[in-house]
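Trainee: Got a sequence here, can you model it:
(one chain, ligands or ions: 1)
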Amino acid sequence: MFMFAQHPLHPSQLFYKSSYSLAFVNIKPVVPGHVLVIPKRRVRRFYELTKDELFDFSLSCQRVAKALEEYYGVRSMSLVIQDGVDAGQTVDHLHMHIMPRRPNDFKKNDDLYVELERIDADNREQRSKESMEKEAMEYRPLFEEGFQI
Ligand code: AMW
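Mentor: Just a heads-up that it's a prediction; the model follows:
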């Protein structure tokens, strides 16, 4: 079972896996298609990645962002690392937020950060396992190597 810090990731949430990285659907997305990429090894900060992990993580973020951009037919993506607690990091395991952007999806562009913070603090009900599985299943075929747990 892969972990996201202390959170066990359900295998059905995962849609992409490389040597050192994983991508999975978000339990509380702020926009449709908001997913996370993490290194398999738990590190808290970006600077803790080894060179091999860094290369693999960057490549994975690039591949996932491009695949979702095409899948959603958008022309812009926000890629965000909240690297440390004062930058808004709430989960102690480095993660890249990958978020498809649509015209006027927020009143002001940077309201995305307000929403990220708000939703973290909000104890609103998390998505069901079924809803996350359905989304992950849509993304798996986007990667030519397919996905195997
Ligand atoms: W941070 O505020 O640490 O930059 O973002 C944490 C992110 O992790 C949030 O988007 C939150 O919804 C997401 N998250 C937390 N736990 C899980 C989980 N078990 N599965 C998927 N996403 C999660």
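
Trainee: Quick check, central residue of the protein?
Mentor: Centroid check for the chain by C-alpha atoms, centre = their mean gives residue 36 as the closest residue, at 0.9 Å.

Trainee: in the lowest-mean-pLDDT helix or strand in the chain, what counts as buried?
Mentor: Here the helix or strand of the chain ranked lowest by mean pLDDT, DSSP states H and E is helix 111-121, holding a mean of 92. Across helix 111-121, burial judged by 16 or more other C-beta atoms under 10 Å covers 112-113, 115-116. C-betas here are computed from N, CA, C, even on glycine.

Trainee: Using a markdown table, please lay out the residues you listed together with distance to residue 90.
Mentor: Shown next, in a markdown table, are the buried residues of helix 111-121 (distance: C-beta to C-beta, whole Å):
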| residue | distance to residue 90 |
| --- | --- |
| 112 | 16 |
| 113 | 13 |
| 115 | 14 |
| 116 | 9 |
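
Trainee: Name the nearest of the residues you listed relative to residue 95.
Mentor: When the buried residues of helix 111-121 are compared for distance to residue 95 (C-beta to C-beta), residue 116 wins out at 11.6 Å.
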